[in-house]
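Chemist: Give the three-dimensional model of this entry:
(one chain, ligands or ions: 1)
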Amino acid sequence: MDREGFLRDVDEILDTRIFTNLGPFAAKLEATVCSYLNVKHAFAVSNASVGLAMMLRALELRAGGEVILPAYTFIATAHAVIECGLKPIFCDCDPESHLIGVKEVSACFSPNTVAVLAVNLWGLACDVEGLRSFAEENHISLLYDSAHSFGARAPCGTFLGNFGEAEVFSMHATKLFNSFEGGLITTNSDLIAKRLAPMRNFGITGQDQVSCWGSNYKLSEVHAAFALRQLCNIEKLVDLYKENAKTYTKLLEEHCVPGIRNWNESFLSHEGCTHAYVCFEIQQNFPLTRDEVIARLRDNNVFAKRYFFPGLHKCQPYARRLKDLKIPVTEKLCEEVLVLPTGSTVKESDIERVVDLLKKFSKSSPSINKHVNGNTEHEISVDFSHLQEKISYLRDLKCKYEDLTASCERDLSFLEGRLTRISLSRGGDRL
Ligand SMILES: Cc1ncc(COP(=O)(O)O)c(C=O)c1O
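Modeler: Model prediction:
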């Protein structure tokens with residue numbers, strides 16, 4: 001990141017006193033994104049969450065129509081659907097890629113379906129050709145939440161941003177390409193672009209002229225300037241993230257740690273994948289659960305995260321309606337996915353340390369599973385507050401919503417059983 005260059009931009013903004021309202025930096029950002037992605041229109045907005053809602057509104061879909069989307073995504077994807085008066089229908093995802101495809105979407109299709117909102121997770125493109133044919137054959141709209149995936153390309157080589165009727169990228173601080181906070185909507189449709197343009201500025205189309213609904217979704221000049229500085233280096237950034245994914249893969253292979261699936265390994269040969277996230281699955285045959293691994297990594301100052309626990313179908317306001325939903329792959333990923341540190345500040349030596357820790361955990365003190373098998377030789381030194389947190393969340397849910405009682409009780413008895421087993425194996429300590 002060119003810090004001096006960015007500080008010069010801030011000086012210029014302070015000198016010109018053009019702080020916002022689609023000024024020169026925002027305009028340049030949009031033009032640069034269009035030429036980089038080779039897409040006709042780009043709109044800089046304040047974040048991807050509002051971008052998703054704007055994109056859905058711009059399609060003018062039938063009110064109350066069903067939109068198929070994955071349950072394995074960030075909550076913003078679903079919230080945007082209900083914000084626009086549409087009904088989210090959660091589908092399962094593919095166990096290898098974690099993405100949705102024609103198989104998963106077809107299983108949820110109904111005469112009420114008006115759109116598919118697919119998510120290009122982790123810097124990887126969905127089956128864009130298959131989804132395009134499916135949407136065309138069934139006369140429904142196709143949109144993409146590409147929040148994770150700026151700079152990624154489909155197998156045909158075309159950059160994401162060019163697929164479906166429109167796509168949204170996030171420029172949140174956690175993303176490979178970021179502007180502190182921010183979002184981008186891209187489309188090749190002149191009609192959708194015409195609807196989007198005034199929507200981010202209160203529907204204003206001229207002096208004293210308001211032509212449609214809109215709100216304040218603009219990106220400020222400082223945010224746009226920061227994004228532009230990053231865009232100059234985007235290829236370097238993508239290469240750096242890919243290198244990190246390769247290093248994790250190489251070291252894991254050398255150490256041969258059983259019970260860990262490395263998502264990135266399957267897509268290293270996919271030129272278009274940015275590997276913006278380093279995503280592992282901690283499987284059943286690993287001695288510790290995923291949450292125990294996270295706790296132990298945090299004890300060692302490694303900030304690993306689970307994603308997107310507990311799954312959108314288990315979050316309010318969706319959970320009440322969906323208590324019988326069967327989406328086994330999503331359920332499994334919510335329990336097993338572990339996202340590890342990557343990015344421009346992560347060095348090879350950091351990755352070595354993380355892999356060494358995983359290797360150590362794979363041979364370390366007995367886990368809950370081992371306790372279940374009767375081996376109680378060693379002390380468990382992990383933090384179980386996440387189990388207690390989950391239990392109090394479920395107790396709360398059970399009290400609030402009668403119709404969730406049965407499913408909450410089932411989950412509670414499983415979790416409480418786990419805690420009791422651990423407690424017994426530690427000689428009845430309170431955990
Ligand atoms: C898949 C997905 N969609 C949407 C969003 C929302 O992005 P933003 O924070 O820019 O609103 C995120 C944020 O991380 C995300 O992961």
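Chemist: C-alpha from now on. contacts and neighbour counts both.
Modeler: Noted.
Chemist: tally of neighbours for N201?
Modeler: By other CA atoms under 10 Å, the residues close to N201 number 19.
Chemist: cool, and L14?
Modeler: With other CA under 10 Å as criterion, L14 counts 12.
Chemist: does it belong to a helix or a strand, and which?
Modeler: For L14, the host element (DSSP states H and E) is helix 3-16.
Chemist: And S349, by the same measure?
Modeler: Assigned by DSSP H and E, S349 falls in helix 348-363.
Chemist: Put the alpha carbons of that helix into PDB.
Modeler: Below are the C-alpha coordinates for helix 348-363, written out as PDB (Å, rounded to 0.1, in the frame of the first residue of the first chain):
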ATOM      1  CA  GLU A 348       6.000 -17.300   5.800                       C
ATOM      2  CA  SER A 349       7.400 -17.700   9.400                       C
ATOM      3  CA  ASP A 350       3.800 -16.900  10.700                       C
ATOM      4  CA  ILE A 351       2.400 -19.700   8.500                       C
ATOM      5  CA  GLU A 352       5.100 -22.100   9.700                       C
ATOM      6  CA  ARG A 353       4.100 -21.300  13.300                       C
ATOM      7  CA  VAL A 354       0.400 -21.900  12.600                       C
ATOM      8  CA  VAL A 355       1.100 -25.200  10.900                       C
ATOM      9  CA  ASP A 356       3.500 -26.300  13.700                       C
ATOM     10  CA  LEU A 357       0.700 -25.600  16.200                       C
ATOM     11  CA  LEU A 358      -1.800 -27.700  14.100                       C
ATOM     12  CA  LYS A 359       0.700 -30.500  14.000                       C
ATOM     13  CA  LYS A 360       1.200 -30.300  17.700                       C
ATOM     14  CA  PHE A 361      -2.600 -30.300  18.300                       C
ATOM     15  CA  SER A 362      -2.900 -33.400  16.200                       C
ATOM     16  CA  LYS A 363      -0.800 -35.300  18.600                       C
END
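Chemist: which residues are contacting it?
Modeler: The contact list for helix 348-363 (CA atoms under 8 Å, 6 or more residues apart in numbering) reads 244, 247-248, 251-252, 255, 257-258, 286-288, 293, 297, 302.
Chemist: quick revisit: could you name the helices and strands sitting against the helix holding L14?
Modeler: helix 221-231 (3 or more CA pairs under 8 Å, 6 or more residues apart in numbering; DSSP states H and E).
Chemist: The helix it packs on versus helix 3-16: what angle between them?
Modeler: For helix 221-231 against helix 3-16, the angle by axes from the mean of the first three to the mean of the last three CA atoms, to 10 degrees is 150 degrees.
Chemist: In helix 221-231, which residues are buried?
Modeler: Buried positions in helix 221-231, judged by neighbour count with 16 or more other CA atoms under 10 Å: 221-231.
Chemist: go on, stretch 137-153?
Modeler: Across stretch 137-153, burial judged by 16+ other CA under 10 Å covers 140-153.
Chemist: quick one on the thing from earlier: which pair of the contacts of helix 348-363 spans the longest distance?
Modeler: Greatest spacing in the contacts of helix 348-363, by CA to CA: N244 and P287 (25.6 Å).
Chemist: Mean confidence (pLDDT) on stretch 230-239, please.
Modeler: Averaged across stretch 230-239, the pLDDT comes to 96.
Chemist: Where do the domain boundaries of this structure fall?
Modeler: 3-233, 235-425 (automatic domain parsing).
Chemist: what does stretch 390-403 rub up against?
Modeler: Taking CA under 8 Å, 6+ apart as the rule, stretch 390-403 contacts 320, 404-405, 408-409, 411-412, 415-416.
Chemist: Buried ones among the residues you listed?
Modeler: With burial judged by 16+ other CA under 10 Å, the buried subset of the contacts of stretch 390-403 is 320, 404-405, 408, 412, 415.
Chemist: Closest one of those to the ligand?
Modeler: R320 (22.3 Å; CA to the nearest ligand atom).
Chemist: what's near enough to touch the closest one?
Modeler: Applying CA under 8 Å, 6+ apart, we find R320 in contact with 401, 403-404.
Chemist: Can you turn the buried part of the contacts of helix 348-363 into a PyMOL selection?
Modeler: Buried residues within the contacts of helix 348-363, by 16+ other CA under 10 Å, are selected in PyMOL with:
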select buried, resi 244+247+248+251+252+257+286+287+288+293+297+302
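Chemist: So which of the contacts of helix 348-363 sit within helices?
Modeler: 244, 247-248, 251-252, 255, 293, 297 (DSSP state H).
Chemist: residue of the stretch 301-431 of the chain with the smallest distance to the ligand?
Modeler: Counting by CA to the nearest ligand atom, the stretch 301-431 of the chain gets nearest the ligand through F308, at 8.9 Å.
Chemist: I figured that residue hits Y72, correct?
Modeler: Yes - the pair F308 / Y72 is scored as a contact, 6.3 Å apart, by CA atoms under 8 Å.
Chemist: in which helix or strand would I find A118?
Modeler: A118 is part of strand 113-119 when elements are defined by DSSP H and E.
Chemist: residues in the stretch 51-200 of the chain within reach of the ligand, list them.
Modeler: Counting by CA under 6 Å from any ligand atom, the stretch 51-200 of the chain comes close to the ligand at 73-74, 76-77, 145, 147-148, 170-172, 182-183.
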